[in-house]
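> Show me the folded form of this:
(one chain, ligands or ions: 2)
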Amino acid sequence: MKIVLQNLTKIFPSRNKKSDEEVVAVNNFNFEIPDGKLIGLLGPSGCGKSTTLYMISGLQKPSSGKIFFGNDDVTELSTENRGIGLVFQNYALYPHLTVKQNILFPLQNLKGKDKLDKNTMLDRAYEAAKLVQIEQLLDRKPSELSGGQQQRVAIARALVKMPRVLLLDEPLSNLDARLRLQTREEIRRIQKETGITTVFVTHDQEEAMSISDMIVVMKTGVVQQIGKPQDVYDDPANLFVAKFLGTPPINVFSGHVKGGTLFIGGDAVMDIQTVADQEVVVGIRPEGFVLDENGPLKCKPSNVEVMGRDVSIVSTHDASLNPLVRSIVNADNKINISSEYVRYAVKPHKIFIFNKETEERIYFEVK
Ligand code: ADP
Ligand code: MG
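Ligands and ions are numbered 1, 2, ... in the order given. Predicted coordinates for the structure are as follows:
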């Protein structure tokens, strides 16, 4: 089922009695979510992810704009009639019911022509439990389960009605690191097996990048960029997106272009074409540095962090906009941190420049 968001906007009235400033939680969101894909809705806390998801679910009404499931306009349709499965951060299971009863619950509430007989309901509940691999736990109460198991029950409960659309709001946030990894892979597997169009909300860029077919990066209610995770990482539209994706994060410098050369501080880093003289912000991915004793970028090394296969060289540079510059290089490299400078060349496709005022990307060609 494809989902179309058309000029979707949500404005909340002011909560503060002293000011009447309203909050534009979601601002003119346009996107066609392809059928059967998993979309990661990504951005910092407060950027409008949940509000977008709640509008898709029908829990909140848009201030303006429309939502379509396939060709059906569902904007005015109630949550119950949209055919969605919802999973939240806190599993919200009924504590007094067993796992089986929790999963059965949405089916028992079906009315009229949708009503199912008892055996069909039990079969469906068992199938959903099997899909999330908790079929051994059906007679337990939620309090007798780990966090990861509880979240699986919540996912089974969302799947049991065979929804057209699955909506997940930070479903892994309450799990510990290992379980988070495991459960996100499970969600991906289940999504692929069922082919249900899924919107997955998270503030965790790595989580979104690792499981999504496409990511949508949001900031203060406004979509910044939509694309395949690798494409967005490799080709960020603006400084915000460049900074939001990647661990360790991108290194940011103040720089300038003069006569076709890009400078970081006094270092003439690269000859570039088609950019007029101006001050710019320069971003270099940690993996974009190449150790080179004649390299143009001179940083002062402070220490080396061992990461196993790679090492991270921590250094400083006067033009850096962050306290530290972090490069990642192969551990086989000999690094002398007692020398005055560590010198780098920069891989051209790992360096981006941005307009100093608008922070929009400036595209260039390498000479
Ligand atoms: P996210 O899920 O990305 O953290 P939300 O969608 O929850 O962000 O919130 C987006 C913005 O809308 C925030 O500024 C938040 O304070 C505001 N907001 C969310 N829900 C309400 C509400 N019911 N009333 C007023 N403001 C709200
Ligand atoms: Mg939220």
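> Tell me where the model's unsure across the stretch 251-367 of the chain.
Judged against pLDDT under 70, the stretch 251-367 of the chain has no low-scoring part.
> hmm, try it at 80
Low-confidence segments of the stretch 251-367 of the chain, defined by pLDDT under 80, are located at 367.
> Next, count neighbours for the residue lying closest to Gly36 once chain neighbours are set aside.
Among residues not flanking Gly36 along the chain, Gly195 sits closest, at 4.6 Å (CB to CB, 6 or more residues apart in numbering). (Glycine included, C-beta is placed from N, CA and C.) Counted by other CB atoms under 10 Å, the residues lying close to Gly195 total 11.
> Show the residue spans covered by the helices in this structure.
Read by DSSP state H, the chain holds these helices, from start to end of the chain: 49-57, 99-108, 118-131, 147-159, 177-194, 205-211, 229-234, 239-244.
> Going by neighbour count, list what's buried in the second one.
Using 16 or more other CB atoms under 10 Å as the burial criterion, the residues of helix 99-108 that qualify are 99-104, 106-107.
> need the residues of the protein near ligand 1, please.
On the criterion CB under 6 Å from any ligand atom, ligand 1 has as its neighbours in the chain the residues 12, 15, 23, 25, 43, 45-51.
> If we use 8 Å, what do you get?
The chain comes close to ligand 1 at residues 10, 12-13, 15, 23, 25-26, 43-54, 60, 169-170, 201, 203, 218, 221, as judged by CB under 8 Å from any ligand atom.
> Could you tell me which of those belong to strands?
Residues of those located in strands (DSSP state E): 10, 12, 23, 25-26, 169, 201, 218.
> Kindly present the residues you listed as a markdown table, with separate columns for neighbour count and pLDDT.
Putting these into a markdown table (neighbours: other CB atoms under 10 Å; pLDDT from 0 to 100) gives the following:
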| residue | neighbour count | pLDDT |
| --- | --- | --- |
| Lys10 | 22 | 98 |
| Phe12 | 13 | 95 |
| Val23 | 17 | 93 |
| Ala25 | 22 | 97 |
| Val26 | 29 | 98 |
| Asp169 | 21 | 96 |
| Val201 | 25 | 97 |
| Met218 | 26 | 98 |
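> So which of the residues you listed is the closest to Asp267?
Met218 (34.8 Å; CB to CB).
> For that closest one, list the residues it contacts.
Applying CB atoms under 8 Å, 6 or more residues apart in numbering, one finds that Met218 lies in contact with 41-43, 47-49, 52, 224.
> Most widely separated two among these?
In terms of CB to CB, the contacts of Met218 reach their longest pairwise distance at Thr52 and Gln224, which sit 13.4 Å apart.
> For the stretch 51-200 of the chain, which residue gets nearest to ligand 1?
At 3.3 Å from ligand 1, Thr51 is the closest residue in the stretch 51-200 of the chain, using CB to the nearest ligand atom.
> okay if I get the helices of the chain as JSON lines plus mean pLDDT and distance to Gly288?
Formatted as JSON lines, the helices of the chain follow (pLDDT from 0 to 100; distance: least, CB to CB, whole Å):
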{"stretch": "helix 49-57", "mean pLDDT": "98", "distance to Gly288": "29"}
{"stretch": "helix 99-108", "mean pLDDT": "95", "distance to Gly288": "48"}
{"stretch": "helix 118-131", "mean pLDDT": "93", "distance to Gly288": "42"}
{"stretch": "helix 147-159", "mean pLDDT": "91", "distance to Gly288": "37"}
{"stretch": "helix 177-194", "mean pLDDT": "90", "distance to Gly288": "27"}
{"stretch": "helix 205-211", "mean pLDDT": "96", "distance to Gly288": "18"}
{"stretch": "helix 229-234", "mean pLDDT": "98", "distance to Gly288": "11"}
{"stretch": "helix 239-244", "mean pLDDT": "98", "distance to Gly288": "12"}
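> Now do the same contact list for the nearest residue to the residue of the stretch 51-200 of the chain closest to ligand 1 once chain neighbours are set aside.
Counting by CB to CB, 6+ apart, the nearest residue to Thr51 once its immediate chain neighbours are dropped is Ala25, at 4.2 Å. When contacts are counted by CB under 8 Å, 6+ apart, Ala25 touches 10-12, 48, 51, 221.
> try Ser57
Under the criterion of CB under 8 Å, 6+ apart, the neighbours of Ser57 are 79, 82, 84, 86, 167.
> go on, Ile328?
Ile328 is in contact with 248, 286-287, 289, 307, 310-313, counting by CB under 8 Å, 6+ apart.
> so it bridges to which residues?
Residues in a beta bridge with Ile328, per DSSP bridges, are Ser312.
> what's the closest of the ones in strands among the residues of the chain next to ligand 1 to Tyr94?
When those are compared for distance to Tyr94, the smallest value, 18.9 Å, is given by Asp169; criterion: CB to CB.
> Please verify my assumption that the closest one contacts Val87.
Yes: Asp169 is in contact with Val87 according to CB atoms under 8 Å; the separation is 7.1 Å.
> Going along the chain, name the strands of the stretch 201-350 of the chain.
214-219, 222-227, 251-258, 261-264, 267-273, 278-284, 289-291, 297-306, 310-316, 325-330, 342-346 (DSSP state E, counting those that start in this stretch).
> Quick check: which of these is nearest to Thr358?
Thr358 lies closest, by CB to CB, to one member of the strands of the stretch 201-350 of the chain: strand 278-284, at 10.3 Å.
> Report the strands that pair with the closest one, each with its relative direction.
Each strand that pairs with strand 278-284, with its direction, by DSSP bridges: strand 251-258 (antiparallel), strand 351-355 (antiparallel).
> Of those strands, which stretch is the most buried?
The highest mean neighbour count among the strands paired with strand 278-284 belongs to strand 351-355 (a mean of 22), with neighbours defined as mean count of other CB atoms under 10 Å.
> what angle sits between it and strand 297-306?
Using axes from the mean of the first three to the mean of the last three CA atoms, to 10 degrees, the interaxial angle of strand 351-355 with respect to strand 297-306 works out to 120 degrees.
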